[in-house]
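S.K.: take this sequence and fold it.
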Amino acid sequence: MWRRLLVLTGLAALVAYVLRRRPAAEPAVHGDADPAEELRRKLDETRGRPEADADLTEDLDERRRDVHERARAAADEMRGSSSD
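M.R.: Numbering: from 1, shown residues only. Coordinates of the predicted model:
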């Protein structure tokens with residue numbers, strides 16, 4: 001029984017050693033494209049549109065006002081129904 005345990009432990013150690021010694025896989029790079037350069041380009045494209053940011057801010061302000069209005073109305077309704 002001890003021999004089997006020793007053999008299995010030895011095999012497990014050998015497998016672990018072989019798997020650790022294997023070189024890590026290189027990350028796949030598509031052609032000559034530099035991922036960092038591509039991200040910089042996309043960032044520059046999104047930064048180049050300030051008018052879109054202004055529209056988004058106005059839309060967010062309008063939506064925020066609407067949400068607050070509905071919340072106030074719901075709170076007023078709950079206060080009114082609790083005093084009945």
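S.K.: so which other helices or strands are in contact with the helix or strand where residue 61 lies?
M.R.: Element membership of residue 61, judged by DSSP states H and E, is helix 50-82. Using 3 or more Cβ pairs under 8 Å, 6 or more residues apart in numbering; DSSP states H and E as the contact criterion, helix 50-82 has no neighbours among helices and strands. Yep, even glycine has a C-beta here, placed from its N, CA and C like the rest.
S.K.: how far does that helix sit from the chain's center?
M.R.: Its chain's C-alpha centre lies 27 Å from the corresponding centre of helix 50-82 when counted by Cα atoms, centre = their mean, to the nearest Å.
S.K.: in it, what's buried?
M.R.: The neighbour-count check on helix 50-82 (16 or more other Cβ atoms under 10 Å) flags nothing as buried.
S.K.: lowest-confidence helix or strand of this protein?
M.R.: helix 50-82 (a mean of 83; mean pLDDT, DSSP states H and E).
S.K.: what pLDDT does residue 38 get?
M.R.: Taken from the predicted model, the pLDDT recorded for residue 38 is 87.
S.K.: since we're on it, how many residues are nearby?
M.R.: Residues lying near residue 38 (other Cβ atoms under 10 Å) number 11.
S.K.: just residue 43 next, same as before
M.R.: Using other Cβ under 10 Å, the number of residues around residue 43 comes to 10.
S.K.: what do you get for residue 4?
M.R.: Close neighbours of residue 4, defined as other Cβ under 10 Å, add up to 8.
S.K.: secondary structure class for it?
M.R.: Following DSSP: H, G, I helix; E, B strand; the rest coil, residue 4 is assigned to helix.
S.K.: which other helices and strands does the helix or strand encompassing residue 9 contact?
M.R.: Taking DSSP H and E as the criterion, the element that holds residue 9 is helix 2-21. In terms of contacts (3+ Cβ pairs under 8 Å, 6+ apart), helix 2-21 is packed against no helix or strand at all.
S.K.: how far does that helix sit from the chain's center?
M.R.: When distances are taken as Cα atoms, centre = their mean, helix 2-21 is centred 39 Å away from the chain's centroid.
S.K.: how far does the next helix or strand after that helix sit from its chain's centre?
M.R.: Counting by DSSP H and E, the element after helix 2-21 in chain order, helix or strand, is helix 35-47. Shown here is helix 35-47, whose average C-alpha point lies 18 Å from the average C-alpha point of the whole chain (Cα atoms, centre = their mean).
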